[in-house]
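> sequence and predicted structure, then a few things I'm wondering about:
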Amino acid sequence: MHSILIVDDEAGIRNMLLDYLESKYAVTTAEDAESALSLCDNKNFDLVISDVNMPGMKGPDLLSKIKKMHPSTCTVLITAYNVDDYIRLARKSNVSNIIPKTSPFNFAELDSLISGLLTKNIFGLKRYMLPQYTHLGEFCIRSSRDAKEVREACVDLLLSKLGVAGDMRLLVDEIVTNAIYHAPSFPDGTEKYEEFTEVNLEPHEYVYLECGFDPEKYGLTVVDNMGRLTKDTVLYKIERQMSGEGVLDDSGRGLHMSRLFSDRMIINIEPKIKTEVILINYFSHKYRGYKPLYINEL
Amino acid sequence: MLPILLTVLLFIVLVVCIGFAVLFFVARKDALFFKRSLTMKNQRHDTVITDKITLSKNQLETTFDAITDFICALDENLIITRVNKSYSQFVQIPIPKLLGQHCYEVFWKRSSPCEHCPALLTFANSKPVHKRTFKMPGKDRPLFFTIASYPVFGSDGKTTNVIEHIRDSTEEKAILEQLIRSEKLASIGTMTAGIAHEMINPLSGIAGTAANMLQMPEKYGLNEKGVSRVMTMLESSSRASAIVKDLLHLSRKEEGTSMLIDINSLVLKAIDSVQLKGFPIIEHKINTDPTIGRVLCDPIKIEQIIINLLTNAIQSILEKKAAYSREGKQFSGLVLIATQSQDGHVRIDIMDNGTGVPEAIKDKIFDPFFTTRPPGEGTGLGLSICQKIVDEHNGRIFFESAENFTTFSVLLPFHTTQEEELHA
């Protein structure tokens, strides 16, 4: 059984997480960073979930310290404040998953996040959907010409089966463009294809796309087989766009827009193997709160 | 010898006499001439002075008439002895007819002097009275006047006349009130942001625990009654969270994102996002101008404005429809959504033929927590959030409610590149 440490000064949140998780994990709780650190002295927790704002030491500092003591420990921040405000801080303290405290709390999302981090099994749209997941379709993109057709086919599929597609046409375009033009590279690291040119990908460079839905949400995933993107790059680009630095250039625009225009953006990376961008929209906004930050790098 | 001497003497006397006579005559003539020239000089001097007086009188009268405030001179019986054009235009009585009338009759439409009349006070103590505000019922809103009065002293040092200066301060008062209100709101806003954040924490805990209890009732020893009560708790905390989220929107200048966005696409997207029962059956027409440029804005916030306004429009149609059907009448709702460019701005209009905005609440609809809907249906923060977002974008939001149609309009400044600015 995996061990989890929950650190939050708010008893309601501590108990809520404990009640929910204790059937599957060995859960310990602490009400501040100091007592959490003393618990970590004697034990190597598999995962630590910490509140950001606590009296005394703050969450990001606590997680940095724990990571130094036990590099294998997975770390997650949780906050009632706007997640977007902590992206710079997250990058500094090497945390890439921030859960917002929403009302009602999104337990299903917590489940997929925690199990993904603990089992290192992070890839696949289905992992992030409810058990009643319905697979709608899958596509393979082997050239820039395919990209347009697949995009339209995917959006048409969503519209015909669900009647909604949100901004998926725009977002698929952005994410697939990244996957075709910015993922494949030469051994020296320079990009192989020039953006907006006609491109025929090599067999191993194909891009995979899948879409589906469950009773509360629908989504799609775009996977490239390069694994060139890094967690740090994603955080840097999002932060840069959010602070307004990147308003008039394109660097990071696709990632930023995807996060902005979808309800959830999850990025999974296995370096040099593959990169997955999952975009999810809820049918109705049941979970009131801020958007989370989910980036997993193996 | 003696006769010769006498003759000479006589001759001398004669010559002297003639000399005196001549001298006298000449002197008299000179005096007359002198006197006449003096009179002429005086007359010239008088003309110059008269001219000067006329000029200064004209100048004063022109000034008097050019002043847009209302000015009149009153005698001790409050009878108008002089009055300027603005005064006459305001009361819609020509100046000659105003002279000799009581000021309280022509201006205030009263039969006796006003209470605390500044002019009477000035007559009583010979001192000016500064800035007193008086209210008058107006056509669609009360008018406010700020009045000052100044004594005019006669040669005996007594106050013979009073100059009354009346300024229409209705607009000023409205702006001042708005300022006070927005300043209050700003301080409340700062406080609210803190409170709201502190509330998200416990609310999330309450809602999450309640959800756990519903999911695993046996773990908490809950019976059926317990489950139903916890369900109520969950719903209540959910409603509270909705208010908190809205409050945060309102009070916090959220670090938004700016993007160059085509407003038309946002409008279409917003229409798609409106999830309101009854919306699909309401006729709505979209008339977007494809040539309007892009706007540098926070797309999510702007979309939120459009959704808010659309939701209001639809709700007011549904309310009207319900009211009509209670009376057994038919009503078909209509929503018109249009975009166009106007003076360097993109203008978004959302028009509906619903219940409209009653006169009495026109001033209040942008106030936070102001709502006409029953508790639980809307937080009353929608329009104040819209106002705030539009302010953040240096835009303007306003509305017009006529008999059958209500139009809410949003103006957002166009994005101009540096190059375009140079050309402009």
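That came through fine. These numbers come from a predicted model, not from an experiment.

> and the residue of chain B that's closest to chain A?
B:Gly205 (2.3 Å; C-beta to the nearest C-beta). (C-beta placed from N, C-alpha, C; glycine too.)

> and that residue, that's in a helix?
Yes: counting by DSSP: H, G, I helix; E, B strand; the rest coil, B:Gly205 is found in a helix.

> how about the strands in the chain?
All of this is about chain A. A:3-7, A:26-30, A:47-51, A:74-79, A:97-100, A:134-141, A:207-213, A:217-224, A:264-270, A:274-282, A:293-297 (DSSP state E).

> wait, chain B
Counting by DSSP E, the strands of chain B are B:70-74, B:80-83, B:129-136, B:143-153, B:159-168, B:259-262, B:283-287, B:294-297, B:334-342, B:345-352, B:396-401, B:406-413.

> return the set of buried residues in the helix ranked longest in chain A.
In chain A, with assignment by DSSP state H, the single longest helix is helix A:144-162. Neighbour-count burial for helix A:144-162 flags A:144, A:146-147, A:150-151, A:154-155, A:157-158 (criterion: 16 or more other C-beta atoms under 10 Å in any protein chain shown).

> need those in a markdown table (columns: distance to A:Lys192 and pLDDT).
Shown next, in a markdown table, are those (distance: C-beta to C-beta, whole Å; pLDDT from 0 to 100):
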| residue | distance to A:Lys192 | pLDDT |
| --- | --- | --- |
| A:Ser144 | 13 | 88 |
| A:Asp146 | 17 | 90 |
| A:Ala147 | 16 | 89 |
| A:Val150 | 20 | 92 |
| A:Arg151 | 21 | 91 |
| A:Cys154 | 25 | 93 |
| A:Val155 | 28 | 93 |
| A:Leu157 | 30 | 94 |
| A:Leu158 | 31 | 93 |
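
> sorry, back to before: output the strands of chain A as CSV; include the columns distance to chain B, mean neighbour count and mean pLDDT.
Output for the strands of chain A, formatted as CSV (distance: least, C-beta to the nearest C-beta, whole Å; neighbours: other C-beta atoms under 10 Å in any protein chain shown; pLDDT from 0 to 100):
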stretch, distance to chain B, mean neighbour count, mean pLDDT
strand A:3-7, 12, 23, 96
strand A:26-30, 13, 19, 95
strand A:47-51, 8, 25, 96
strand A:74-79, 9, 24, 94
strand A:97-100, 9, 24, 94
strand A:134-141, 20, 16, 94
strand A:207-213, 17, 22, 94
strand A:217-224, 14, 25, 94
strand A:264-270, 14, 22, 94
strand A:274-282, 11, 23, 94
strand A:293-297, 15, 21, 92
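
> just to revisit the earlier point, got JSON lines for the buried residues of helix A:144-162, with distance to A:Ala165 too?
Below are the buried residues of helix A:144-162 laid out as JSON lines (distance: C-beta to C-beta, whole Å):
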{"residue": "A:Ser144", "distance to A:Ala165": "22"}
{"residue": "A:Asp146", "distance to A:Ala165": "19"}
{"residue": "A:Ala147", "distance to A:Ala165": "17"}
{"residue": "A:Val150", "distance to A:Ala165": "14"}
{"residue": "A:Arg151", "distance to A:Ala165": "11"}
{"residue": "A:Cys154", "distance to A:Ala165": "9"}
{"residue": "A:Val155", "distance to A:Ala165": "5"}
{"residue": "A:Leu157", "distance to A:Ala165": "9"}
{"residue": "A:Leu158", "distance to A:Ala165": "4"}
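
> list the contacts of the closest residue to B:Asp75 other than its chain neighbours.
Among residues not flanking B:Asp75 along the chain, B:Thr81 sits closest, at 5.6 Å (C-beta to C-beta, 6 or more residues apart in numbering or on different chains). Contacts for B:Thr81 (C-beta atoms under 8 Å, 6 or more residues apart in numbering or on different chains) come out as B:72-75, B:99, B:161.

> now stretch B:260-280: buried residues?
B:261-264, B:266-267, B:269-271, B:273-274, B:279.

> list of residues touching that stretch?
Counting by C-beta under 8 Å, 6+ apart, A:164, A:167, A:247-248, A:284, B:284, B:286, B:288-290, B:292, B:294-297, B:299, B:302-303, B:306-307, B:310-311, B:314-315, B:318, B:337, B:339, B:346, B:348, B:412, B:415 sit against stretch B:260-280.

> now swap in stretch A:25-34 and tell me
A:1-9, A:11, A:14-15, A:17-18, A:21, A:36, A:39, A:43, A:45, A:47, A:50, A:54-59, A:61-62, A:114.
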